[in-house]
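Visitor: Only the shape, not the letters, is given here:
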């Protein structure tokens with residue numbers, strides 16, 4: 001079979017960040033952790049469920065370290081490597097940092113898929129790393145039953161600019177830099193049910209680097225930030241709420257969605273992880289609807305940044321975004337803690 005005819009998604013049981021272990025299961029896996037006092041220079045570890053680890057390296061500077069990898073979400077090898085790389089580098093941008101280097105993580109079924117196809121995956125990764133201004137400096141590979149690819153990424157940030165997911169404040173406005181729905185549309189594509197234009201829109205969204213996060217890191221009125229990936233918007237917003245001791249309200253009409261997502265929602269096309277996501281946090285959500293249940297729990301691959309902005313800085317923030325060709329509108333706000341973590345208004 002020629003490389004052009006191979007569909008990578010048929011060689012994996014999951015796709016993209018839909019491969020992620022459900023939040024409730026991950027909580028059990030990470031139940032035991034070293035106390036932070038063991039490593040006083042570790043500013044951010046796994047205790048806050050943040051996007052990357054952060055180490056204070058002195059002189060007001062910090063090292064950001066992260067890794068992310070998954071199975072194919074698209075059939076084309078070059079595009080798979082590109083999306084996986086955008087997704088991994090995003091964790092550094094979500095902390096407000098500047099990436100400086102990446103290492104590749106490759107698992108390849110060598111008896112099923114050719115090494116030439118794996119080379120295309122790496123070519124896609126190198127292209128994205130070049131756009132981010134960093135080298136793909138090495139990595140590690142194994143023979144695995146399913147194709148897997150991702151990156152370990154290092155970045156730098158001034159300590160005063162560090163953004164975390166547990167530092168939101170009551171009254172903060174919520175923004176999202178990319179629309180939701182790539183999990184639903186990529187699932188439709190895998191089943192042969194996606195319209196070509198819808199799938200192309202989803203792919204282009206996943207290929208967009210979250211480089212704006214480095215700009216956001218320098219803004220003191222941005223109190224917290226995270227990127228939306230496999231747990232869906234609700235899962236990552238729950239982490240922000242619980243880490244910050246707050247609740248949140250979502251105005252569903254203002255949530256950015258891929259253009260034709262209602263078509264897929266009405267036909268009940270969604271990834272398996274949507275249900276696993278929802279079961280992990282359903283008791284914390286009030287006001288879910290038939291469509292919002294699917295879109296807000298949809299596992300995103302290479303999703304956008306969710307930004308918590310001081311309400312008095314709304315105009316300044318939106319003006320900054322426009323200067324970077326991003327027209328953003330607030331979809332919700334952080335509130336004082338109440339009985340439900342997130343309330344959805346339709």
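Guide: Okay, I see it. Not measured: the values here are computed from a predicted model. Numbers count the residues shown, from 1 in each chain.
Visitor: CA atoms for contacts and neighbours, from now on please.
Guide: Noted.
Visitor: which residues touch the residue most central in space within the chain?
Guide: Against the mean C-alpha coordinate of the chain, by CA atoms, centre = their mean, the closest residue is residue 229 at 3.0 Å. With contacts defined as CA atoms under 8 Å, 6 or more residues apart in numbering, residue 229 is in contact with 17, 236, 299, 300, 301, 302, 303.
Visitor: mind putting the residues you listed in a markdown table, neighbour count, secondary structure and distance to residue 268 included?
Guide: Converted to a markdown table, the contacts of residue 229 look like this (neighbours: other CA atoms under 10 Å; DSSP: H, G, I helix; E, B strand; the rest coil; distance: CA to CA, whole Å):
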| residue | neighbour count | secondary structure | distance to residue 268 |
| --- | --- | --- | --- |
| 17 | 26 | helix | 19 |
| 236 | 21 | helix | 23 |
| 299 | 36 | coil | 15 |
| 300 | 28 | coil | 17 |
| 301 | 33 | coil | 19 |
| 302 | 30 | coil | 22 |
| 303 | 31 | coil | 21 |
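Visitor: Among those residues, which one sits closest to residue 345?
Guide: Of all the contacts of residue 229, residue 345 sits closest to residue 236, with 18.2 Å by CA to CA.
Visitor: Enumerate the helices of the stretch 101-250 of the chain by residue range, in sequence order.
Guide: Defined through DSSP state H, counting those that start in this stretch, the helices belonging to the stretch 101-250 of the chain, from first to last, are 115-132, 182-190, 196-206, 212-216, 232-244.
Visitor: Now the weakest link among those helices, please, by mean pLDDT.
Guide: Ranked by mean pLDDT, these end with helix 182-190 in last place, scoring a mean of 93.
Visitor: Flag every buried residue along it.
Guide: 182, 183, 184, 185, 186, 187, 188, 189, 190 (16 or more other CA atoms under 10 Å).
Visitor: what do you get for stretch 120-132?
Guide: Within stretch 120-132, the residues scored as buried using 16+ other CA under 10 Å are 120, 121, 122, 123, 124, 125, 126, 127, 128, 129, 132.
Visitor: Let's have those residues in JSON lines, adding distance to residue 316.
Guide: Putting the buried residues of stretch 120-132 into JSON lines (distance: CA to CA, whole Å) gives the following:
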{"residue": "120", "distance to residue 316": "42"}
{"residue": "121", "distance to residue 316": "40"}
{"residue": "122", "distance to residue 316": "40"}
{"residue": "123", "distance to residue 316": "39"}
{"residue": "124", "distance to residue 316": "36"}
{"residue": "125", "distance to residue 316": "35"}
{"residue": "126", "distance to residue 316": "35"}
{"residue": "127", "distance to residue 316": "33"}
{"residue": "128", "distance to residue 316": "30"}
{"residue": "129", "distance to residue 316": "31"}
{"residue": "132", "distance to residue 316": "26"}
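Visitor: Looking at the buried residues of helix 182-190, point me to the pair that's furthest apart.
Guide: Taking CA to CA as the measure, the buried residues of helix 182-190 span a maximum distance of 12.0 Å, between 182 and 190.
Visitor: on that earlier part again, what's the closest of the buried residues of stretch 120-132 to residue 101?
Guide: Using CA to CA, the shortest approach to residue 101 within the buried residues of stretch 120-132 belongs to residue 129, at 8.4 Å.
Visitor: In contact with the closest one: list those residues for me.
Guide: Counting by CA under 8 Å, 6+ apart, residue 129 has contacts 85, 102, 135, 136.
Visitor: ok, now how distant is it from residue 99?
Guide: Counting by CA to CA, to the nearest Å, the separation of residue 129 from residue 99 is 9 Å.
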